[in-house]
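*Asks:* give me a 3D structure for the following:
(one chain, ligands or ions: 1)
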Amino acid sequence: MGEAKRFRDQGIQFKQLQPGQQIQVDLKNATPKTCECGCKYFIPVVMVFTVSALLSPIGKELTAQLPALVCMECKALLNNKETTKPME
Ligand SMILES: [Zn+2]
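*Replies:* Just a heads-up that it's a prediction; the model follows:
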């Protein structure tokens, strides 16, 4: 008797994500990032910094890596801090 109502109250069930599984997002609702030149494609690159032995905490020259994205067309660095800029 009350079976149908109980079913409705459960609502939508979400499948549990397994560890390491990526969440599927509908990119139709996402805003694509574009470069100032209008290009929408970016290449992952790595910026490498060297810290001189004088400034290094361990007294030796250090290298640090920072992943970044550059525009495929004009090679400009994608600035993540400018993503809140409204589209014109
Ligand atoms: Zn560009």
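*Asks:* give the buried residues for stretch 74-81.
*Replies:* Leu78 (16 or more other Cβ atoms under 10 Å). In this view, the C-beta of every residue, glycine as well, is placed from N, C-alpha and C.
*Asks:* then stretch 45-63?
*Replies:* Going through stretch 45-63 with 16+ other Cβ under 10 Å, nothing comes out buried.
*Asks:* make 2 the first number, not 1, from now on.
*Replies:* Sure thing, new numbering starts at 2, so read that last one as stretch 46-64.
*Asks:* now do it, average pLDDT.
*Replies:* For stretch 46-64, mean pLDDT is 92.
*Asks:* could you tell me the end-to-end distance of it?
*Replies:* 16 Å (Cα to Cα, to the nearest Å).
*Asks:* what are the contacting residues of it?
*Replies:* 65-71 (Cβ atoms under 8 Å, 6 or more residues apart in numbering).
*Asks:* swap in stretch 67-82?
*Replies:* Here stretch 67-82 has contacts from 34, 36-40, 42-50, using Cβ under 8 Å, 6+ apart.
*Asks:* what's the following helix or strand after the lowest-mean-pLDDT helix or strand in the chain?
*Replies:* Sorting the helices and strands of the chain by mean pLDDT, DSSP states H and E puts helix 4-11 at the bottom, at a mean of 54. Using DSSP states H and E, the helix or strand that follows helix 4-11 in sequence is strand 43-52.
*Asks:* what residues does this protein have near the ion?
*Replies:* Proximity of the chain to the ion (Cβ under 5 Å from the ion) is limited to residues 36, 38, 40, 72, 74-75, 77.
*Asks:* now those: which count as buried?
*Replies:* The buried subset of the residues of the chain next to the ion (16+ other Cβ under 10 Å) comprises 36, 72.
*Asks:* quick one: Val46 from the ion, how far?
*Replies:* From Val46 over to the ion the distance is 14 Å, taken as Cβ to the ion, to the nearest Å.
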